[in-house]
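Colleague: Everything below, folded, please.
(chains A, B, C and D)
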There are 2 protein chains.
Amino acid sequence: MEEGTSNSPSDICSTDRDYDVLQWDAREECEVRQILDRIADKWSLLVIALLEKRTLRFTELKRNIDGISQRMLTTTLRHLERDGIIERTVYPVVPPKVDYALTPLGCTLHETIRSLVLWTEQNQADIIAARQRYDMRAADGM
Amino acid sequence: MEEGTSNSPSDICSTDRDYDVLQWDAREECEVRQILDRIADKWSLLVIALLEKRTLRFTELKRNIDGISQRMLTTTLRHLERDGIIERTVYPVVPPKVDYALTPLGCTLHETIRSLVLWTEQNQADIIAARQRYDMRAADGM
DNA sequence: CGGCATCCAGGACGATACTG
DNA sequence: CAGTATCGTCCTGGATGCCG
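Modeller: Residues are numbered from 1 along each chain as shown, chains lettered A, B, ... in the order given. Coordinates of the predicted model:
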């Protein structure tokens, strides 16, 4: 891929495979991008992390995720259900009772999620320190 | 805002800690939420996954992440730099040369990211199948 | 209780133009 | 090459109200 011909955006498709790095195509074949977006979503992560412990009801989830609106919770749950990550069970009683649990597929995911959350918890001090250093340097330059 | 104060038989509001699940407070003390948002971000994941292989220049990143605008790439890189995940090196040459690499902190993160990406790749068939089943059932109900 | 429909504000994001 | 600046759009996501 000679880069002198920088004016041909369309032949991305042909092959840039001389890089040993992975490519992140946005094309349809690459559903990975789309799925990643879904599961690495702001709220999805929290829901999955919560359900890892046990089955929860709608309001329990809502109570345990501070700041989520019922709208976003509903949407998130629907998406996760559609993707086969969680299972929704409706009990035909009054008042209605619905609970959510991880599917087997969801369980395989939760371990990954968990390590992500753990990493964040264990390194938040470093990150906060890095931010302060960055902001300091930025202030210096100004 | 306690909502069920009128009829809360078990006074869950006073202390939610009788749940063995984790709490996701949005309060300041809980930076975890904010950090998770940052690293589990749509573009951040891709950038980190790419840099896991080797140091890359701005345009190399842009070329390998299909669909990202230079604006979002810049923003993403700045955030990751600020958080101490990646390091930005400027070479005082003309034309300018800047490259990006994972910091040691970033390297500890990349393993987690990698497992997330791997999970997605390995289970995308299942997910797509789950979606079709879901959509089928939904169509049925209508 | 567990939703869904509607409305609306704000921020994310893309496109474009300009700089060192 | 590697950005910054500005603008306009769109979509996320919060608030509210109704239903089974």
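Colleague: Got the confidence number for A:Arg54?
Modeller: On the pLDDT scale, A:Arg54 is placed at 91.
Colleague: Does it fall in a helix, a strand, or a coil region?
Modeller: Per DSSP: H, G, I helix; E, B strand; the rest coil, the local secondary structure of A:Arg54 is coil.
Colleague: and it, how many neighbours?
Modeller: 13 (other Cβ atoms under 10 Å in any protein chain shown). Placement of C-beta: from N, CA and C, glycine included.
Colleague: Ramachandran angles for it?
Modeller: When read as degrees, to the nearest 10, the backbone of A:Arg54 gives phi -170, psi 170.
Colleague: Flag every buried residue along the helix or strand bottoming out on mean pLDDT in chain A.
Modeller: Every helix and strand in chain A was compared by mean pLDDT, DSSP states H and E; the lowest is helix A:31-39, with a mean of 88. In terms of neighbour count (16 or more other Cβ atoms under 10 Å in any protein chain shown), helix A:31-39 has its buried residues at A:31-33, A:35-39.
Colleague: what about the helices in chain A?
Modeller: All helices of chain A, identified by DSSP state H, fall at A:31-39, A:42-51, A:58-64, A:70-82, A:104-141.
Colleague: Quick check: chain neighbours aside, which residue is closest to A:Tyr100?
Modeller: Leaving aside its sequence neighbours, A:Tyr100 sits nearest to A:Ile86 (Cβ to Cβ, 6 or more residues apart in numbering or on different chains; 5.2 Å).
Colleague: What lies in contact with stretch A:74-81?
Modeller: The set of residues external to stretch A:74-81 that reach it, using Cβ atoms under 8 Å, 6 or more residues apart in numbering or on different chains, is A:38, A:41, A:43-44, A:47-48, A:58, A:61, A:68, A:86-88, A:100, A:106, B:134.
Colleague: tell me the two of these that are most distant?
Modeller: A:Ile68 and B:Tyr134 (22.2 Å; Cβ to Cβ).
Colleague: Comparing these two, which residue is more hemmed in?
Modeller: A:Ile68 (20 against 16).
Colleague: residues touching A:Ser44, list them.
Modeller: A:38, A:76, A:79-80.
Colleague: which one of these is nearest chain B?
Modeller: A:Arg38 (8.6 Å; Cβ to the nearest Cβ).
Colleague: So which bits of stretch A:98-111 are buried?
Modeller: Buried residues in stretch A:98-111 (16+ other Cβ under 10 Å): A:99-100, A:102-103, A:105-106, A:109-110.
Colleague: Now render those residues as TSV, adding distance to A:Trp24 and pLDDT.
Modeller: Shown next, in TSV, are the buried residues of stretch A:98-111 (distance: Cβ to Cβ, whole Å; pLDDT from 0 to 100):
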residue	distance to A:Trp24	pLDDT
A:Asp99	36	94
A:Tyr100	31	97
A:Leu102	28	96
A:Thr103	27	96
A:Leu105	23	95
A:Gly106	25	95
A:Leu109	20	93
A:His110	25	89
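Colleague: Cool, thanks, signing off.
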